[in-house]
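Asker: Give me the fold of what follows.
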Amino acid sequence: MKFVVIGGTGLIGSKLVTLLGEQGDEVVAASPKTGVDTLTGEGLAETLSGASVVVDVSNSPSFEADAVLEFFRTSTRNLLAAEVEAGVGHHVALSVVGADLLPDSGYLRAKIVQERLIEKSSIPFSIVRATQFFEFVPSIADAATEYGAVRMPPVDFQPIASDDVVRALGEIAVGPPLNGRVEIAGPERFRMDEFFRSALGAWGDAREVVTDPHGRYFGAEPGEHSLVPRNGALLGGIRYTDWPARTVRR
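Answerer: Residues are numbered from 1 along each chain as shown. A predicted model of the protein is given here:
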């Protein structure tokens, strides 16, 4: 089988390319760095020729609301059209747990647009919604920092290691299309403010973590359970306390 990983040079994509390649399949890492641009369509037809499965783990270079909407809407339309022409049999996309529960977030509204385009396409699909990656914990703290304090809401939080995300994507990519969604999350659930208080302490970060009921995530105020999966989610095996990089601020 031939797999094409859109966003194949990024954090998730590069690991997925390696994983699928170890199974003996043909795998192509597609990104602007390799001459494939889903926004312009450059290189798509050639890259998708003969592909059985496309896994889209690409992300917008800008999180500004209009820019991120333009990215996901245009790139997904271009990609799906090229897949139809190439006869691709399975489209796998990485999305975000709770995307439909936080409409005030421009980024998450754009992810919902992406999901709906995939659902309306004629191509069999699987949408994989993941919680926040361990690797992004420092940037989440930075985005929540105001006047030197990290303002975090007291809501449920269940981050996941990127290696667990990659394993789940790999299993779904080689299996039959779900024609629906599946959620994946880490094995442990925390309260978000308490988690970040502990995480910053492990980095030796002196910033105070303030419990703020109006604290925001991706521009929206999350509800108590809007960042965690519903029943039936796949759970990763790597605990944050066992993750080797947890004490290193990236």
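
Asker: Do a quick rundown of the strands in this structure.
Answerer: Along the chain, counting by DSSP state E, strands occupy 2-6, 26-30, 53-56, 90-96, 125-130, 145-146, 149-152, 156-157, 180-185, 190-191, 208-211, 234-235.

Asker: Now the first one: buried residues?
Answerer: Think strand 2-6. Lys2, Phe3, Val4, Val5, Ile6 (16 or more other CB atoms under 10 Å). C-beta: built from backbone N, CA, C; applies to glycine.

Asker: Please report how far the last one lies from Gly170.
Answerer: So the one you mean is Ile6. For Ile6, the distance to Gly170 equals 15 Å [CB to CB, to the nearest Å].

Asker: Same check on the first one?
Answerer: According to CB to CB, Lys2 and Gly170 sit 15 Å apart.

Asker: just the third one next, same as before
Answerer: The span separating Val4 from Gly170 equals 14 Å under the rule CB to CB.

Asker: Identify the single longest helix in this structure, thanks.
Answerer: helix 65-86 (DSSP state H).

Asker: Could you list the buried residues of it?
Answerer: Within helix 65-86, the residues that count as buried by 16+ other CB under 10 Å are Val68, Leu69, Phe71, Phe72, Ser75, Thr76, Asn78, Leu79, Leu80, Ala82, Glu83, Ala86.

Asker: before we move on, what about stretch 222-229?
Answerer: Here stretch 222-229 shows Pro222, Ser226, Leu227, Val228, Pro229 as buried, counting by 16+ other CB under 10 Å.

Asker: next one: stretch 197-206
Answerer: Neighbour-count burial for stretch 197-206 flags Arg197, Ala199, Leu200, Trp203 (criterion: 16+ other CB under 10 Å).

Asker: Could you single out the nearest of the residues you listed to Thr47?
Answerer: Nearest to Thr47 out of those is Ala199 (CB to CB; 38.6 Å).

Asker: That closest one reaches Ala141, doesn't it?
Answerer: Yes: the pair Ala199 / Ala141 is scored as a contact, 7.2 Å apart, by CB atoms under 8 Å.

Asker: Thanks a lot, see you next time.
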